[in-house]
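**Q** Return a 3D structure for these sequence lines:
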Amino acid sequence: MRLNRIYNIINIVTVFAVTMFFSCIDNYKQVQNLGISENEPIGVAENINLKHTDSGRVTANLLSAKMFDYSNRDFPYNEFTDGVILYLFDDENKKSTVISDYAIVYDKTDLIDLQGNVKIITQTNDTLFAEQLYYDQKKEWLYTNKPVTFRTGFDLIHGNGFDSNSKFTNAEVLEVTGMITLDE
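**A** The predicted structure is shown next:
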């Protein structure tokens, strides 16, 4: 009888342990996100001075007063609410400058959405003005379908859209609405 009782206790403990083992789920992500609202950034950085190098040479320098990191989202991104200044350096160390009031960098698509008083000044002093401009980092391509003004050489071109590679070697203003040739 005592042996029977021990077997019953062992069986009950075994059933309980197996039930507990199989009822557990992997909730590591949920534990990590405890206390973090899905609508809040996972981090905030201030006074950013980020330099990107390639083979020991600085190819880009990003400056911003504040960045919000939303990498905890299903579609992660970084938001620059106080704008950005980005210096891009070519192989000969010539600098182009990108300025905007606001920017979002989407991690999964490598797309940068620049908004508000977007201004690009190339190393040859060509200048693009737009309210919104997208930059595809993978394809190194700039584009928008919003109104733009593009100053190249002595020409000032107004249009509704812009398309170009990042070096501006094939820049094109779309739907040209006006063109002015400036005097020296």
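
**Q** can you give me the strands for the protein?
**A** Remark: strands assigned in the chain by DSSP state E are 43-54, 57-70, 77-80, 84-89, 95-100, 102-106, 111-121, 127-136, 141-152, 155-165, 172-173, 176-181.

**Q** relative to strand 57-70, how tilted is the fourth one?
**A** When axes from the mean of the first three to the mean of the last three Cα atoms, to 10 degrees is applied, the directions of strand 84-89 and strand 57-70 differ by 160 degrees.

**Q** now strand 84-89 and strand 43-54, what's the angle there?
**A** Using the same axes, to 10 degrees: strand 84-89 against strand 43-54 is 10 degrees.

**Q** Strand 84-89 pairs with which strands, parallel or anti?
**A** Strand pairing for strand 84-89, using DSSP bridges, gives strand 57-70 (antiparallel), strand 95-100 (antiparallel).

**Q** With mean neighbour count, distance to residue 14 and mean pLDDT added, can I get the strands of the chain in JSON lines?
**A** The C-beta positions use only the backbone N, C-alpha and C, and glycine is treated the same way. Converted to JSON lines, the strands of the chain look like this (neighbours: other Cβ atoms under 10 Å; distance: least, Cβ to Cβ, whole Å; pLDDT from 0 to 100):
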{"stretch": "strand 43-54", "mean neighbour count": "11", "distance to residue 14": "46", "mean pLDDT": "90"}
{"stretch": "strand 57-70", "mean neighbour count": "16", "distance to residue 14": "46", "mean pLDDT": "91"}
{"stretch": "strand 77-80", "mean neighbour count": "20", "distance to residue 14": "49", "mean pLDDT": "95"}
{"stretch": "strand 84-89", "mean neighbour count": "18", "distance to residue 14": "61", "mean pLDDT": "89"}
{"stretch": "strand 95-100", "mean neighbour count": "18", "distance to residue 14": "64", "mean pLDDT": "92"}
{"stretch": "strand 102-106", "mean neighbour count": "19", "distance to residue 14": "51", "mean pLDDT": "94"}
{"stretch": "strand 111-121", "mean neighbour count": "19", "distance to residue 14": "55", "mean pLDDT": "94"}
{"stretch": "strand 127-136", "mean neighbour count": "19", "distance to residue 14": "59", "mean pLDDT": "94"}
{"stretch": "strand 141-152", "mean neighbour count": "18", "distance to residue 14": "63", "mean pLDDT": "93"}
{"stretch": "strand 155-165", "mean neighbour count": "17", "distance to residue 14": "68", "mean pLDDT": "92"}
{"stretch": "strand 172-173", "mean neighbour count": "17", "distance to residue 14": "74", "mean pLDDT": "92"}
{"stretch": "strand 176-181", "mean neighbour count": "11", "distance to residue 14": "80", "mean pLDDT": "85"}
